[in-house]
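A.B. asks: Below: sequence and its predicted model.
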Amino acid sequence: MNEPIKVVIAGPRGRMGREAVKLVMNTSHFKLVGAIDYKYDDTTLNEVDGFTDTHDSVKVFSNPDDCFQELLPDVLIDLTTPETGYEHTKAALLHNVRPVVGTTGFTDGQLDELKEIAESRGLGVIIAPNFAIGAVLMMKFSQMAAKYFEDVEIIEMHHDQKLDAPSGTGIKTAQMIQEVRTSKKQGHPNEKETIDGARGSDIDGMRVHSVRLPGLIAHQQVMFGGEGQLLTVRHDSHDRASFMSGVRVCVDTIMKLDTLVYGLENILD
Ligand SMILES: NC(=O)C1=CN([C@@H]2O[C@H](COP(=O)(O)OP(=O)(O)OC[C@H]3O[C@@H](n4cnc5c(N)ncnc54)[C@H](OP(=O)(O)O)[C@@H]3O)[C@@H](O)[C@H]2O)C=CC1
Ligand SMILES: O=C(O)C1=N[C@H](C(=O)O)C[C@H](O)C1
């Protein structure tokens, strides 16, 4: 029998981290060996609030280098914050650990740098702005539609504790649309914002609007306008469990990769 894939989770106490801990613990060919949490060190996960049912062999480190050095995991799942996630991903690669990154908000420069490190070491990295299969389809359907509708606005809607705006999904959707859409500045050529931000952020002339409200989880609507018609493509995550099948696919796939993959759509059949 093959050895289980040894996994470390960064950000275990977070909304996504808690789901990921459950996923890894409930997947027979994965083994949760450790966690990275800046508020805990030299302890085990079952000592951390809300994790009393985890095994006492799951060690928690505040320092990622110490964690990777001592546990020699195969995979890091990072679900933290943009700056921390980037540092963790880089540290993982330097310790020959393959990162599956759900954390959003990385800059293009950071993605380029991580790709270079991954390729120079022959290691896989998956950075997936959205792990939900429905969201990946929403992005792909939007890309298909953009070939025929060049006027498009993206409205992403999230809970009010989200740090980054626009969302990683909103940016990725705009980038996928950009691949097929004739570049265009939308709206009236003389339009003026009388209040800053009224028209949202601008990606290649497309507008991306970010809604933040308690009661929301993760939702996105992509609206296309043409002569006498409107097309709306929408996805809703009502529960963070929606992201976990994508995380599982990434952990399984990353062992076979030797470069950086940005977006779950690039590893699905
Ligand atoms: N790709 C996808 O499908 C999805 C991606 N996301 C992304 O995942 C990330 C996490 O989201 P979410 O779980 O909602 O956020 P949370 O704020 O709930 O969780 C983030 C966790 O990271 C911890 N953290 C912060 N800084 C550090 C650090 N230096 N070292 C270790 N841990 C740290 C936080 O601890 P504390 O609270 O104590 O500061 C918290 O436990 C975000 O970037 C979000 O955009 C979210 C959903 C789906
Ligand atoms: O912070 C979140 O919650 C989410 N973040 C990701 C993003 O920025 O797109 C994915 C999903 O939308 C939930």
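C.D. replies: Structure received. Computed from a predicted model, the values in this text were never measured in an experiment. Ligands and ions are numbered 1, 2, ... in the order given.
A.B. asks: Does residue 31 lie in a helix or a strand, and which?
C.D. replies: Here residue 31 sits within strand 30-36, counting by DSSP states H and E.
A.B. asks: what's the average pLDDT for that strand?
C.D. replies: The average pLDDT for strand 30-36 rounds to 97.
A.B. asks: and residue 182, how many neighbours does it have?
C.D. replies: Neighbourhood size, residue 182 [other C-beta atoms under 10 Å]: 8. All C-beta spots, glycine's among them, are computed from the backbone N, C-alpha and C.
A.B. asks: What are the neighbouring residues in contact with it?
C.D. replies: The contact partners of residue 182, by C-beta atoms under 8 Å, 6 or more residues apart in numbering, come to residue 150.
A.B. asks: Which pLDDT does the model give it?
C.D. replies: 89.
A.B. asks: ok, now how distant is it from residue 168?
C.D. replies: In this view, residue 182 and residue 168 are 25 Å apart by C-beta to C-beta, to the nearest Å.
A.B. asks: Over to residue 55?
C.D. replies: Residue 55 is 32 Å from residue 168, by C-beta to C-beta.
A.B. asks: The two - which one has more neighbours?
C.D. replies: residue 168 (22 against 13).
A.B. asks: separation between that one and ligand 2?
C.D. replies: 4 Å (C-beta to the nearest ligand atom, to the nearest Å).
A.B. asks: try residue 73
C.D. replies: From residue 73 over to ligand 2 (counting by C-beta to the nearest ligand atom), the distance is 24 Å.
A.B. asks: ok, now how distant is residue 11 from residue 20?
C.D. replies: Distance of residue 11 to residue 20, computed by C-beta to C-beta: 8 Å.
A.B. asks: Neighbour count for the two, which is higher?
C.D. replies: The neighbour count for residue 11 versus residue 20, taken as other C-beta under 10 Å, is higher for residue 20 (29 against 25).
A.B. asks: Hmm, residue 246 and that one touching each other?
C.D. replies: No. Counting by C-beta atoms under 8 Å, residue 20 does not reach residue 246; the two are 11.0 Å apart.
A.B. asks: Would you confirm that residue 141 contacts residue 232?
C.D. replies: No. Contact criterion C-beta under 8 Å: residue 141 and residue 232 do not qualify, at 10.6 Å.
A.B. asks: more crowded one of those two?
C.D. replies: residue 141 (15 against 11).
A.B. asks: tell me the contacts of the more buried one?
C.D. replies: So residue 141 contacts residue 233 (C-beta under 8 Å, 6+ apart).
A.B. asks: three-state assignment of it?
C.D. replies: With DSSP: H, G, I helix; E, B strand; the rest coil as the basis, residue 141 sits in helix.
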